[in-house]
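# Output the structure for:
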Amino acid sequence: MGETGGSAAPGARRRRLALATLCITMFMSMLDNVIVGNALPRIGRDLDAGITGLQWVAEGYSLVFAALLLTGGALGDRYGRTAVFRLGLALFTAGSAGAALAGSVGALVAARMLQGVGAALLTPGSLAILRHVFTDERERTRAIGTWSGVSALGLSVGPVVGGPMVEAFGWASVFWINVPIGIGALVLSGRVLPVVPGRARRVDLGGLVLSAAGLGAAVHTLVEGPERGWTDARVLTTAVLAVLLLTAFLLLERRIADPMLDLRLFRDGVLGGALLGGFMVSFGMFGALFFLPLLMQGVLDWSPTAAGLAVLPMTAMIVVAGPVSARLTGRHGPRPPLVLGTALCALGLAGLSLYGEHARYAEYLWTLFVLGLGMGMTFTPVSIAVLQRVAPERMGTASATVNTLRELGGVLGIAVLGALLTHRLTTALTASLTRLGLPSDTLGRPADTLSAAGAPGPAAPLPAPLRAAFELAFTDGIHLALRCGSAALAVAAVLVALLLRGTAAPAPAPSGRDVPAGAGV
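Prediction:
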């Protein structure tokens, strides 16, 4: 775990620059999860993509990110965390340029996947390098609070930044913005980041293939099922493949000496609760952040700028909640902020589902404050719990596991909540068309109607009765998705409270290779 090319304890200025570099790159990778949200209606219009196509634009990044994060952690442990971090940053920047230049949905999804590869390589090393740079426990805790807050800020700033950019410069601008930032971060990383060498370990190629294929099959099933029908041969085939491949992956990880997914982490109740909380918050919030821009621009006829600025209160609350969460975790352990944050997210989603297409912004503004506070409370305790509970030699794998579950929560959130929305949209729209005396296939595939009904611009608008029917069905579908997300988060809050019961303020990490099963903080 030594360092070459620099002192063991970098100077204060170098530590600050290293923290800034790590924060910038994490901000960029988190930002890309959601900045594309406000661009989706324009992408749907320009590239002729409906909801299913737009889901793949969002899922292409998140799916590859989640599938390869464990591999990124293993490669960092094997070949050096700083080297793999820089490779990931370069690939992410190249993928951003490719996405900006894409002329079709297929090309855009492919570029988004390249971005996901880059993010999967750079993310696990970020927390591990942070631990290497900051050796003082108190200083490290503050640095983690800053790093976690910036990561959370990236998720919340996306809609705020993306809206005005899309309106002023077009949807490609949300990808172009990454290119100069990525190049600058690459240059800075070569100057201020310590070289953290790797250690001899076997790369789990079998786990990589099984996990990537299994997750891909699962997401394909959830995205295509509502459209093709759950009894469709292709959907049933991918569903069976997902179960078989993911089961084989878990069995393999239990048997090999150097697994990508260290299942021993889940034997620690504190770590298990923290990982569950991070997973479920991403599940509910990523789904909400994916669908809200479609609702605001497609149903409420807001401009991209207005839709972006509408979530500014949520962003402000994340900024406020991050430092508060770090202090609470330092004094009382991860349980209070994590349980409170998860419960607040559940409350915010439930509240948002009470408002329809005629609601005024001032009426549901409170839900955005609650959602921002909840998100901001959950990021720091998860990261600190991992750093305090895991031995240094396993930090790369542990960091990758945390981020994998967080990204996987987002992938499944968009896919599962999207499946609920599409199913309800199809059912409600078919019923409305029947009442109007029109055949059920008048609008073609309901999930593809968005590009005609919801995207601003020169696309031919739907007739008023059909547009009203679509808006009502779409709103009904979003309400169902939000309520299901809220229910899942409420259950998660109870489980996290039980798993983290009896924890206190963090203590130093154990020095051995294994995390003690069931040990308290």
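
# Give me the pLDDT value at residue 414.
We have a pLDDT of 77 for residue 414.

# what sits against it?
By CB atoms under 8 Å, 6 or more residues apart in numbering, the contact set of residue 414 is 55, 58-59, 62, 286-287, 290. To be clear about C-beta, it is placed using only N, CA and C from the backbone, and glycine gets the same treatment.

# can you rerun that using 10 Å?
33, 55, 58-59, 62-63, 219, 222-223, 282-283, 286-291, 481 (CB atoms under 10 Å, 6 or more residues apart in numbering).

# Same check on residue 288?
Residues in contact with residue 288 (CB under 10 Å, 6+ apart) are 295, 345, 348-349, 352-353, 367, 371, 413-414, 417, 478, 481-482, 485-486.

# hmm, back to that, among the contacts of residue 414, name the buried ones.
The neighbour-count criterion (16 or more other CB atoms under 10 Å) marks 33, 55, 58-59, 62-63, 219, 222-223, 282-283, 286-291, 481 among the contacts of residue 414 as buried.

# Distance of residue 481 relative to residue 341?
Note on residue 481: its distance to residue 341, by CB to CB, to the nearest Å, is 21 Å.

# Likewise for residue 123?
Using CB to CB, residue 123 is found at 21 Å from residue 341.

# returning to that earlier point: among the buried ones among the contacts of residue 414, which lie within helices?
Taking DSSP state H as the definition of helices, the buried ones among the contacts of residue 414 contribute 33, 55, 58-59, 62-63, 219, 222-223, 282-283, 286-291, 481.

# ok, and the closest non-adjacent residue to residue 420?
residue 481 (4.9 Å; CB to CB, 6 or more residues apart in numbering).

# Likewise for residue 88?
In this structure, residue 88 finds its nearest non-sequential neighbour in residue 121, 2.8 Å apart by CB to CB, 6+ apart.

# Which strand or helix spans that neighbour?
helix 105-133 (DSSP states H and E).

# Could you list the buried residues of that helix?
In helix 105-133, counting by 16+ other CB under 10 Å, buried: 105, 108-109, 111-133.

# again, but for stretch 349-364
By 16+ other CB under 10 Å, the buried positions in stretch 349-364 come out as 349-353, 355, 364.

# contacts for that stretch?
Against stretch 349-364 from outside (CB under 10 Å, 6+ apart): 284-285, 287-288, 292, 295-296, 299-302, 306, 310, 348, 366-368, 370-371, 374, 417, 468, 471-472, 474-476, 478-490.

# what does the average pLDDT come to for the helix holding residue 121?
84.

# now swap in stretch 309-321 and tell me
On average, stretch 309-321 scores 80.

# Also stretch 267-286?
82.

# go on, stretch 191-211?
pLDDT averaged over stretch 191-211 gives 75.

# now stretch 345-360
In the prediction, stretch 345-360 has an average pLDDT of 85.

# measure it end to end?
21 Å (CA to CA, to the nearest Å).

# Assign the closest residue to residue 421 other than its chain neighbours to helix, strand or coil.
Spatial nearest neighbour of residue 421, excluding adjacent residues (CB to CB, 6+ apart): residue 477 at 3.9 Å. Put simply, residue 477 is helix when judged by DSSP: H, G, I helix; E, B strand; the rest coil.

# tally of neighbours for residue 477?
28 (other CB atoms under 10 Å).

# pretty sure it contacts residue 483?
No - using CB atoms under 10 Å, residue 477 is not in contact with residue 483, being 11.0 Å away.

# Contact partners for the residue nearest to residue 88?
Residue 121 neighbours (CB under 10 Å, 6+ apart): 65, 68-69, 71-73, 75-76, 83-92.

# ok, residue 137 to residue 330 distance?
10 Å.

# ugh, typo on my part, it should be residue 166
For residue 166 relative to residue 330 (CB to CB), the value is 40 Å.

# Looks like residue 195 contacts residue 125 (just checking).
No - between residue 195 and residue 125 there is no contact under CB under 10 Å: 11.7 Å.

# ok so, going back, tell me which of the contacts of residue 288 is nearest to residue 384?
residue 345 (19.0 Å; CB to CB).

# so the closest one makes contact with residue 286?
No - under the criterion of CB under 10 Å, residue 345 is not in contact with residue 286, lying 11.3 Å apart.

# shared neighbours of these two, anything?
With CB under 10 Å, 6+ apart, residue 345 and residue 286 have common neighbours residue 485.

# in the stretch 201-350 of the chain, which spans are strands?
Applying DSSP state E, counting those that start in this stretch to the stretch 201-350 of the chain gives no strands.

# Next, count neighbours for residue 237.
Count around residue 237 with other CB under 10 Å applied: 13.

# how close does it get to residue 231?
For residue 237, the distance to residue 231 - CB to CB - is 12 Å.

# what does residue 241 give?
Distance of residue 241 to residue 231, given as CB to CB: 16 Å.

# and the two? which has more neighbours close in?
residue 241 (17 against 8).

# residues contacting the nearest residue to that one once chain neighbours are set aside?
Spatial nearest neighbour of residue 241, excluding adjacent residues (CB to CB, 6+ apart): residue 217 at 4.3 Å. With contact set as CB under 10 Å, 6+ apart, residue 217 has these partners: 237-246.

# And for residue 232?
By CB under 10 Å, 6+ apart, the neighbours of residue 232 are 221, 224-225, 238.

# what ranges do the helices span in the stretch 101-250 of the chain?
For the stretch 101-250 of the chain, the helices defined by DSSP state H, counting those that start in this stretch cover 105-133, 137-169, 173-176, 178-192, 205-228, 233-255.

# gap between the first one and the chain center?
If you compare the mean C-alpha spot of helix 105-133 with that of the full chain, they lie 12 Å apart, counting by CA atoms, centre = their mean, to the nearest Å.

# same check, this time on the fifth one
Centroid displacement of helix 205-228 relative to its chain, using CA atoms, centre = their mean, is 17 Å.

# which parts of that helix are buried?
Those would be 207-208, 210-228, for helix 205-228 by 16+ other CB under 10 Å.

# now swap in the fourth one and tell me
Counting neighbours by 16+ other CB under 10 Å, one finds that the buried residues in helix 178-192 are 178, 181-182, 185-186, 188-189, 192.

# cool, and the last one?
For helix 233-255, the neighbour count (16+ other CB under 10 Å) marks 235, 238-239, 241-242, 245-246, 248-249, 252-253 as buried.

# Next up, the contacts around the residue lying closest to residue 253 once chain neighbours are set aside.
Leaving aside its chain neighbours, residue 253 sits nearest to residue 259 (4.1 Å; criterion: CB to CB, 6+ apart). By CB under 10 Å, 6+ apart, the contact set of residue 259 is 70, 74, 202, 204, 206-207, 249-250, 252-253, 397.
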